[in-house]
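Trainee: Quick one, fold the following:
(one chain, ligands or ions: 2)
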Amino acid sequence: MKEYLILGIESSCDETAASVVRNGREVLSNVISSQIDIHTLYGGVVPEIASRKHIERINQVVDQALKEAGLEGKKPDAVGVTCGPGLVGPLLIGVSFAKAYAYAQDLPLIGVNHIEGHVCANYIENPDLEPPFMCLVVSGGHTHLLRVKDYGVYEILGRTMDDAAGEAFDKIARVMGLGYPGGPKIDKAAKEGDPEAVEFPRGHGSDRYDFSFSGLKSAVLNYLNSCEMKGESIVVPDVAASFEKAVVDVLVENSVKAVKEYGDRAFAIAGGVASNSMLRSEMEKALGELNVKLYKPSPILCTDNGAMIASAAYYRLLKGEISGLSLNAVPDLKLAGEMAP
Ligand code: KG4
Ligand code: ZN
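Mentor: Numbering: from 1, shown residues only. Ligands and ions are numbered 1, 2, ... in the order given. Sure thing, here's the model as predicted:
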């Protein structure tokens, strides 16, 4: 079998990342330059600042990824780059860089859907994982429950009707003064709290497998406001744990329902929120009872990285799906099989 070394580039939000992956599964380097320290000052990602930082860092990040993979002075076999969905400015930096690099080195260029990248993060540490399987993608911008019917072929079962799961974590953390990004802060605070302390609603979308987190978000805000008005102090770990449990309950509930209906024996979680400790353990418990194997990437592969993009690009390359130099950034790019909202 021919060996392919793919350079994967990711810049859709606030991480400038590049990685070299062999045959879609073996990571030779994985360089991530995070901008969290800068965006923390503003309580969230500022797109214009993110674009500028990507420009400053992308050369160095790619050089380092090639060097660590032993490709200094040599070239990979192809370049994969996130072309959407994401912030248009940040996406354009990665896409423009990848186009220039592919042109200069005479390499095939493959545009990758960021959500597909998150799904493919699961291939990296699990040589046994092959489609079909079910996947829950929970990130700062997306919440999708889908079936991976084959490499690059998806059936979307449900998605959020409003906020993404990670977005809800970030917003609640901000109002509680925990800082950005909120997910890891709530995860940490919740470990000391009681998930039954405050009763928050479990939101569902209108369709069977859809999600909704805006009602939960309002309920937490109302709770915090009413405590303040009554002069009652807030037990941050209890609120964090109760909120986290409300999010995790609906994610697990819909996942279990779908597994029972479709009969899949393998289930993968992906995206930044997939590194949440309560989600990982509750999923393990619920799917274990059904004898369904749970795949969960290491936290560094859950949040944005170039390795997942290289893996996705590899499977597109095997199908001969090359993008060419007309590739553009598409901020609302849909996943194969996904309908417009
Ligand atoms: O996948 P990702 O890096 O970027 C997007 O594609 O959006 O996900 C980032 C999101 C943020 O909302 C962040 O708060 C959340 O993932 N996140 C977490 C945890 N770590 C990151 N949410 C809950 N628990 C965590 N441990
Ligand atoms: Zn992401």
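Trainee: And for the residue positioned nearest the centre of the chain, nearest residue in space, chain neighbours not counted?
Mentor: Among the residues of the chain, the one closest to the centroid is G271, at 2.5 Å (CA atoms, centre = their mean). Leaving aside its chain neighbours, G271 sits nearest to S139 (3.3 Å; criterion: CB to CB, 6 or more residues apart in numbering). (Glycine included, C-beta is placed from N, CA and C.)
Trainee: tell me which parts of the stretch 151-300 of the chain are close to ligand 2?
Mentor: By CB under 5 Å from the ion, no part of the stretch 151-300 of the chain sits against ligand 2.
Trainee: at 8 Å instead, please
Mentor: With CB under 8 Å from the ion as the criterion, the stretch 151-300 of the chain meets ligand 2 at residues G271, G272.
Trainee: all helices of the stretch 151-300 of the chain, in order?
Mentor: Along the stretch 151-300 of the chain, counting by DSSP state H, counting those that start in this stretch, helices occupy 165-175, 182-190, 214-230, 236-262, 277-289, 299-302.
Trainee: near ligand 1, which residues of the protein show up?
Mentor: Counting by CB under 6 Å from any ligand atom, the chain comes close to ligand 1 at 13, 139-141, 166, 169-170, 181-184, 187, 271-273, 275-276, 303-304.
Trainee: pLDDT score assigned to the closest residue to K75 other than its chain neighbours?
Mentor: Spatial nearest neighbour of K75, chain neighbours left out: Q105 (4.8 Å); criterion: CB to CB, 6+ apart. Note for Q105: predicted pLDDT of 97.
Trainee: Need the nearest residue in space to the closest residue to ligand 1 within the stretch 51-200 of the chain, chain neighbours excluded.
Mentor: With CB to the nearest ligand atom, the shortest gap between the stretch 51-200 of the chain and ligand 1 falls at G183, namely 2.0 Å. Once flanking residues are discounted, G183 sits nearest to F169: 4.2 Å by CB to CB, 6+ apart.
Trainee: Return the residues in contact with the one you found.
Mentor: Listed by CB atoms under 8 Å, 6 or more residues apart in numbering, the contact set of F169 reads P181, G182, G183, I186, E244, V247, V273, N276.
Trainee: you'd agree the third one is up against N276?
Mentor: Same thing as G183. Yes - G183 is in contact with N276 according to CB atoms under 8 Å; the separation is 6.5 Å.
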